[in-house]
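Show me how the following folds:
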Amino acid sequence: MNKEQLINDNIGLVRKVAHGLYINNHIFDFEDLVQIGLLAVFKGLDKFDESRASLSTFITICARNEMIKFLKKQFRLKSYPSSETEYTEQEYFSDIDVTEFMDGSSLDNLVAKLKMQGLSMREISERTGCSMNIVKNSVSKIKKQIRKCLDDE
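Numbering: from 1, shown residues only. Down below sits the predicted model:
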C-alpha cells in the first residue's frame, strides 16, 4: 500500500486524535491540527516498523506528538512572578465567569475556563500540553487581573 492510501484510510484516526486535543480558540482551527497530524504521519511512515507497533498505534503517537508540539509552540507565555494573596483559588474561580475579567492571552482564558470547571493545575497542564510553571504563572496572572478589577469597583 502506498503512503497516500494509508493516509486516506486513517484520516479518521488522525481526526480523532485532533478532536481530543482541540481547544476552541481564535489562534488555530481544528482542521489545522488535523493537517499537522496528517503531515507528521506522512513524514513518519518511512520510519514505521510493524515489528515494534501496529500501524494505528504508530499513527496515533506520531500525530499526537506533532500536534502537542504545535500546541506548546502556540501557547508559550512569558513568566510572571507569583504573588502571595489572601484569597483562595476557590474564591477566584467559583460562582463568577472569570473570563469577563480577562484581557490576556487565549491561554489565560483557557486556563481560567478549565479552572472554573474544577480542574487542578496538573490536569490543566496535561490537557493543554503546557508545563506546570506556565499554568501556575497563568493562574497567578488571572488572580492579579481579577483582584485589579475587584479593587477598581
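
ok now do the residue nearest the centre of the chain, which residues does it touch?
When the chain is reduced to its mean C-alpha position, the nearest residue by Cα atoms, centre = their mean turns out to be T128, at 2.6 Å. Counting by Cβ atoms under 8 Å, 6 or more residues apart in numbering, T128 touches I23, L71, F75, L107, L110, V111, L114, V135. Yep, even glycine has a C-beta here, placed from its N, CA and C like the rest.

any idea which of the residues you listed is least confident?
For the contacts of T128, the least confidently modelled position is F75, at 69, judged by pLDDT.

TSV for the contacts of T128, including distance to I124 and secondary structure?
Supplementary listing: the contacts of T128 in TSV, determined by distance: Cβ to Cβ, whole Å; DSSP: H, G, I helix; E, B strand; the rest coil:
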residue	distance to I124	secondary structure
I23	11	coil
L71	13	helix
F75	11	coil
L107	10	helix
L110	8	helix
V111	6	helix
L114	5	helix
V135	5	helix
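
So which of these is surrounded by the most neighbours?
Going through these with other Cβ atoms under 10 Å as the criterion, the one with the most neighbours is V111, at 32 neighbours.
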